[in-house]
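Novice: Please work out how this folds:
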Amino acid sequence: MIQSRTWRQHSKNASTYVENTRVLSLCHDIAIAAKHLTVERPKTAENPRLLSERVMEQRPSIPVDGDDDDNFDNFLPPGTLVHTTSVRIMLETDDGGSVDALRFAADCIMEWDRFFKLHGLA
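Specialist: Numbering: from 1, shown residues only. Sure, this is the predicted structure:
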């Protein structure tokens, strides 16, 4: 178990690390906004927000091999146009920057991993 004094020092180190790491500062502002619907003391001036982006595509179908139990190999003739819609979440900032939210989350995890290793917590 971490002693109280050690815990306070790690907490202070973590706060400083967040303030000095852009991706974690943005993450902080998003988390606070999600919880409180406002950010009174943002870590950045970038006003980060999550937005959904809908992508609609039209592609030709491709042959699909069925299982041995199936009596059919293809349910659409090859070349038939298939419409697909996908949604991805994007992180956008006031400076016009945009990044896929999954990529952003992975970057946050990498930064926390770096912090834990730096402070012997990993």
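Novice: All the helices of this structure, in order from the start?
Specialist: 4-19, 22-36, 101-118 (DSSP state H).
Novice: Only alpha carbons, please: show the helix or strand of the chain with the lowest mean pLDDT as PDB.
Specialist: Within the chain, judged by mean pLDDT, DSSP states H and E, the helix or strand with the poorest mean is helix 4-19; its value is a mean of 82. Extracted in PDB, the C-alpha atoms of helix 4-19 (Å, rounded to 0.1, in the frame of the first residue of the first chain):
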ATOM      1  CA  SER A   4       0.000   8.900   2.400                       C
ATOM      2  CA  ARG A   5       3.000  11.100   1.800                       C
ATOM      3  CA  THR A   6       4.100   9.100  -1.200                       C
ATOM      4  CA  TRP A   7       0.600   9.200  -2.600                       C
ATOM      5  CA  ARG A   8       0.400  13.000  -2.300                       C
ATOM      6  CA  GLN A   9       3.800  13.300  -4.100                       C
ATOM      7  CA  HIS A  10       2.600  11.000  -6.900                       C
ATOM      8  CA  SER A  11      -0.600  13.000  -7.200                       C
ATOM      9  CA  LYS A  12       1.300  16.300  -7.400                       C
ATOM     10  CA  ASN A  13       3.600  14.700 -10.000                       C
ATOM     11  CA  ALA A  14       0.600  13.500 -12.000                       C
ATOM     12  CA  SER A  15      -1.000  16.900 -12.000                       C
ATOM     13  CA  THR A  16       2.200  18.600 -13.200                       C
ATOM     14  CA  TYR A  17       2.600  15.900 -15.900                       C
ATOM     15  CA  VAL A  18      -1.000  16.400 -17.100                       C
ATOM     16  CA  GLU A  19      -0.400  20.200 -17.300                       C
END
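Novice: by how many degrees do that helix and helix 22-36 diverge?
Specialist: 100 degrees (axes from the mean of the first three to the mean of the last three Cα atoms, to 10 degrees).
Novice: any idea how far residue 55 is from the nearest residue to residue 77 once chain neighbours are set aside?
Specialist: Of all residues not flanking residue 77 in the chain, residue 61 sits nearest, at 7.3 Å (Cβ to Cβ, 6 or more residues apart in numbering). (C-beta placed from N, C-alpha, C; glycine too.) As judged by Cβ to Cβ, to the nearest Å, residue 61 and residue 55 stand 18 Å apart.
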